[in-house]
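S.K.: quick one: sequence and predicted model below, then my questions.
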Amino acid sequence: MEISIIGSGHVGLVTGACFAELGNGVVCVDNDEKKIEILRKGEIPFYEPGLEEIVRANVGEGRLRFASSIPEGIKNARVVFICVGTPALSSGKPDLSAVEKVSKAIGESLTEYKVIVEKSTVPVKTGEKVEGILRRTVRNGVEFDVASNPEFLREGSAVKDFLKPDRIIIGVSSRRASSVLVELYEPLCAPILITDIKSAELIKHASNAFLAMKISFINAVANLCDLAGADIKKVAKGVGLDKRIGESFFEAGVGYGGSCFPKDVSAFLHIANEMGYNFTLLKEVEKINHYQRERVIKDLEEFLGELEGRTIGILGLAFKPFTDDVRESPAIDIVKMLQDKGAKVKAHDPAAMNTFSDLYPEIGYVSDPYEVAQGADALLILTSWPQYHYLNLKKIKKLLAFPLIIDGRNILDATKAVNAGLYYSSIGRGKLKP
Ligand code: UDX
């Protein structure tokens, strides 16, 4: 099938490349000409394992092409996916201006029936808006359908998530549109749920809000574990073994970050509010998430007293491992709080030092985790990169000016840390002395 993707960011490019990999003819469109030039050369402007290989292969086979204008990009497409950004405004409300602009341009260029699919994460009822814009702009007699097909890709495993999804949600208002989209997705052999458009839109926000809630819940329980002297890892395992609850997304730590959860929780709250429902549960989810950052500073102060003049080493700047993305990363808030208290910061991350230095050029960046420990008054682990799981703790102890590790991702073995002569504090496994 010929398809077109409007917006060649993380979601758009993964979607386009994977549909091409499945044998479809795909044109990825973006208004950023520089980005299109980079993509035409077979390069990827961001980090996503496995993506470059399939982009190159499918460009080579002629199934994946790029365009910088919507009329050219959608000419032959049967399905047009809208994958442009929907960033949060300062009020938390999602900014739909890019979706609206693109919908207008699609409407003006439409010459024959196409299914226009919103894939960007949008508030419920955006489908109605898109349809209204298309109706106002499209030429007389040209037919179209609007559909909602939310994505559930995680950064770092987006290609795998696309090709092996748990489910595919297709929100439609006509049989014609559903049969086109079912035909497109059938090769993935995944469960397909057909719904109306509004339900599909809600499924996306509700899914991300639920996962964020699960993380905040286990973080709150971890804080209780610290007070009670229990072990959050055992508690999470014991609770998660109940199939109704499940063990995944149940790891306590410094909280969630990234380009989706914080934005989607705040957008969902905003949407609920606008519709007249006060979704207070989500306010607590956000509060707990923020508290997880604050508690790291409180824990540090408990061991070190005033932080003024102290040097704090940070391992992990990305919002999660296997990405260079630092958007809404816990490290951003924690560095800010440390600086406000007069502490000096040095840091290491295997992939995200460049992106982080755009925000904080003044902190010390070092290329080796042990260099972070050298002379520092404490070491904070904020991202669970595999290389931090197996640090030589005796060596760390010798390098630190004060032998303290605050393990914000619960990745170290507490007994080994204590035996190496370290003070060891984690999230929900107590504060241990050597
Ligand atoms: C998320 C959703 O998982 C995905 O379905 C959606 O399409 C986009 O948003 P992503 O932002 O890539 O994906 O990251 P994810 O792997 O879900 O992690 C989000 C954050 O939660 C990270 O900061 C991670 O460290 C944190 N997290 C995750 C926890 O703190 N504990 C957990 O148990 C799981």
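M.R.: That came through fine. Numbering: from 1, shown residues only.
S.K.: which residues of the chain score low on pLDDT?
M.R.: Counting by pLDDT under 70, the chain shows no low-confidence range.
S.K.: flag every residue of it that's near the ligand.
M.R.: Neighbours of the ligand within the chain, by Cβ under 6 Å from any ligand atom: 151-155, 208, 211, 215, 249-251, 253, 256-258, 260-261, 319-320. All C-beta atoms are positioned from the backbone trio N, CA, C, and that covers glycine.
S.K.: what's the closest non-adjacent residue to K35?
M.R.: P45 (5.7 Å; Cβ to Cβ, 6 or more residues apart in numbering).
S.K.: name the element the one you found belongs to?
M.R.: Here P45, judged by DSSP states H and E, is contained in no helix and no strand.
S.K.: how about G428?
M.R.: Taking DSSP H and E as the definition, one finds G428 inside no helix or strand.
S.K.: just give me the neighbour total for it.
M.R.: Counted with other Cβ atoms under 10 Å, residues neighbouring G428 total 26.
S.K.: how about the contacts made by it?
M.R.: Taking Cβ atoms under 8 Å, 6 or more residues apart in numbering as the contact definition, G428 lies against 221-223, 225-226, 230-233, 235, 252, 410.
S.K.: sort out for me which of the residues you listed are in helices.
M.R.: Secondary structure defined by DSSP state H assigns 221-223, 225-226, 232-233, 235 of those to helices.
S.K.: just among the contacts of G428, which is most surrounded?
M.R.: Top of the contacts of G428 by neighbour count (other Cβ under 10 Å): A252, with 28 neighbours.
S.K.: hang on, isn't it packed against S216?
M.R.: No: with contacts defined as Cβ atoms under 8 Å, A252 does not count as touching S216, sitting 10.0 Å away.
S.K.: residues touching F322, list them.
M.R.: By Cβ under 8 Å, 6+ apart, the contact list for F322 reads 49, 155-157, 351.
S.K.: er, V366 I mean
M.R.: Residues in contact with V366, defined by Cβ under 8 Å, 6+ apart, are 346-348, 372.
S.K.: and F261, by the same measure?
M.R.: Neighbouring residues of F261 by Cβ under 8 Å, 6+ apart: 208, 211-212, 215, 328.
S.K.: beta partners of A347?
M.R.: Listed beta-bridge partners, A347: I314, Y365 (assigned using DSSP bridges).
S.K.: quick check: it vs I381, distance?
M.R.: The span separating A347 from I381 equals 11 Å under the rule Cβ to Cβ, to the nearest Å.
S.K.: so I271 belongs to a helix, correct?
M.R.: Yes: inclusion of I271 in a helix is indicated when DSSP: H, G, I helix; E, B strand; the rest coil is applied.
S.K.: quick one: contacts for the closest residue to it other than its chain neighbours?
M.R.: Residue nearest to I271 in three dimensions, not counting chain neighbours: P123, with 4.4 Å by Cβ to Cβ, 6+ apart. P123 is in contact with 94, 96, 201, 205, 267, 270-271, counting by Cβ under 8 Å, 6+ apart.
S.K.: mind giving me the domain ranges of the protein?
M.R.: Here the chain is described, according to automatic domain parsing, as comprising the domains 2-195, 240-432.
S.K.: which stretches of the stretch 151-300 of the chain form strands?
M.R.: Residue ranges of the strands in the stretch 151-300 of the chain, as given by DSSP state E, counting those that start in this stretch, are 168-171, 192-195.
S.K.: for R244, find the nearest of those.
M.R.: With Cβ to Cβ as the criterion, R244 lies closest to strand 192-195 of the strands of the stretch 151-300 of the chain, at 20.1 Å.
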